[in-house]
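J.: Just need the structure, nothing else, for what follows:
(one chain, ligands or ions: 1)
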Amino acid sequence: MVVLDKVGKTFRGRTGAWEAVRGFSLDLAEGEFVCLLGTSGCGKTTVLNMVAGFEAPSAGRILLDGAPVRGPGAERGVVFQGHDSLYDWLSALDNIAFGLRLRGLGRRQRRERAAHFLGMVGLGGQGAKHPAELSGGMKQRIQIARALAADPRILLMDEPFGALDAMTRAALQAELTRIWADTQKTVLFITHDIEEAVALSTRVAVMTRGPGGTLKAVVPVDLPFPRDRTSDGFMAAFRQVHALIHAEILA
Ligand SMILES: Nc1ncnc2c1ncn2[C@@H]1O[C@H](COP(=O)(O)OP(=O)(O)OP(=O)(O)O)[C@@H](O)[C@H]1O
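T.: Next up is the predicted model:
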């Protein structure tokens, strides 16, 4: 479904050129949940932004259903870290419904659809609250609901749970697993957290450290959902990914 073929990205600015990503190749099949893991600054966000169509590769190509990505598109939904992208002056429900206007849905349909996804992220009945009245975890759920309501085939998530406390994070991980199982979306998910990557994904893609970050290894995680984090299989996958990352930290 998504093909990254020897993708590179060099940023050119006042301080000169910076090669963020080099020769990165990875294929995503429909319905897969792939976590992209790597040390800080290795180029994870740059890869995701290129798949999203926010940045153009400087080398290689990115294909979606066989056609080159030329910019953002409705079949790709993006969830960022933090919650700055919510509109403060709109209620939670209206934040979710906002993008649906572009899809030509009537007011009533938009609100019904928004309410459905509000329920899906566990916030049913709280749609009238404004962002200032919501906790960080709730705002993050609204962002996820908004992305899901637009019904993209591909979800691109850049450390969506990075700023959350451990308990909220675990709750949202469980919800995301359930939603993914229900909707069969294809997901590319960035995280720093090895346990999160092993808990959520069907494959963990580990990057080398930057500059010129590239794919180091892919670890398949062939364990049933929801995952038992204390099982031998989970521990074994964790150790495998940990060894790959640790080697990059020491490199
Ligand atoms: N617009 C830009 N202009 C110049 N350099 C950039 C730009 N965006 C990213 N970079 C550089 O590219 C490298 C990779 O950045 P990127 O944000 O992709 O890393 P990351 O792996 O997502 O990091 P983190 O885990 O810390 O968020 C960094 O060295 C960063 O400084």
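J.: Could you check stretch 43-55 against the ligand for contacts?
T.: Yes. Stretch 43-55 reaches the ligand (C-beta under 6 Å from any ligand atom) through 43-46. (Each C-beta comes from the backbone N, C-alpha and C, glycine too.)
J.: got the buried residues for that stretch?
T.: In terms of neighbour count (16 or more other C-beta atoms under 10 Å), stretch 43-55 has its buried residues at 43-53, 55.
J.: could you dump the residues of stretch 43-55 next to the ligand to CSV with pLDDT and secondary structure?
T.: Below are the residues of stretch 43-55 next to the ligand laid out as CSV (pLDDT from 0 to 100; DSSP: H, G, I helix; E, B strand; the rest coil):
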residue, pLDDT, secondary structure
Gly43, 95, coil
Lys44, 96, helix
Thr45, 95, helix
Thr46, 96, helix
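J.: Out of the buried residues of stretch 43-55, which comes closest to Leu176?
T.: For those, the residue nearest Leu176 by C-beta to C-beta is Leu48; the value is 16.2 Å.
J.: ranges for the helices of the stretch 101-250 of the chain?
T.: With DSSP state H, counting those that start in this stretch, the ranges of helices along the stretch 101-250 of the chain come out as 107-120, 136-149, 166-183, 194-200, 232-250.
J.: Show me what the third one packs onto, helices and strands only.
T.: Contact here means 3 or more C-beta pairs under 8 Å, 6 or more residues apart in numbering; DSSP states H and E; on that basis helix 166-183 packs against helix 136-149, helix 194-200.
J.: can you list the residues of the stretch 101-250 of the chain near the ligand?
T.: When proximity is defined as C-beta under 6 Å from any ligand atom, the stretch 101-250 of the chain approaches the ligand at 192, 210.
J.: mind redoing it with 8 Å?
T.: Within the stretch 101-250 of the chain, the residues that sit near the ligand (C-beta under 8 Å from any ligand atom) are 158-159, 190, 192, 207, 210-211, 213.
J.: Throw these into TSV and include distance to Leu90, thanks.
T.: As requested, these are exported to TSV (distance: C-beta to C-beta, whole Å):
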residue	distance to Leu90
Asp158	22
Glu159	24
Ile190	27
His192	31
Met207	36
Gly210	37
Pro211	40
Gly213	37
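J.: Using PyMOL, define a selection of the buried residues within those residues.
T.: Those of these that count as buried under 16+ other C-beta under 10 Å are selected in PyMOL with:
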select buried, resi 158+159+190+207+210+213
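J.: can you redo the helices of the stretch 101-250 of the chain as a markdown table with distance to Leu64?
T.: Formatted as a markdown table, the helices of the stretch 101-250 of the chain follow (distance: least, C-beta to C-beta, whole Å):
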| stretch | distance to Leu64 |
| --- | --- |
| helix 107-120 | 24 |
| helix 136-149 | 17 |
| helix 166-183 | 18 |
| helix 194-200 | 22 |
| helix 232-250 | 27 |
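J.: In JSON lines, list those helices along with mean pLDDT, distance to Leu28 and mean neighbour count.
T.: As requested, these are exported to JSON lines (pLDDT from 0 to 100; distance: least, C-beta to C-beta, whole Å; neighbours: other C-beta atoms under 10 Å):
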{"stretch": "helix 107-120", "mean pLDDT": "91", "distance to Leu28": "23", "mean neighbour count": "17"}
{"stretch": "helix 136-149", "mean pLDDT": "88", "distance to Leu28": "17", "mean neighbour count": "23"}
{"stretch": "helix 166-183", "mean pLDDT": "87", "distance to Leu28": "13", "mean neighbour count": "16"}
{"stretch": "helix 194-200", "mean pLDDT": "96", "distance to Leu28": "14", "mean neighbour count": "23"}
{"stretch": "helix 232-250", "mean pLDDT": "95", "distance to Leu28": "18", "mean neighbour count": "15"}
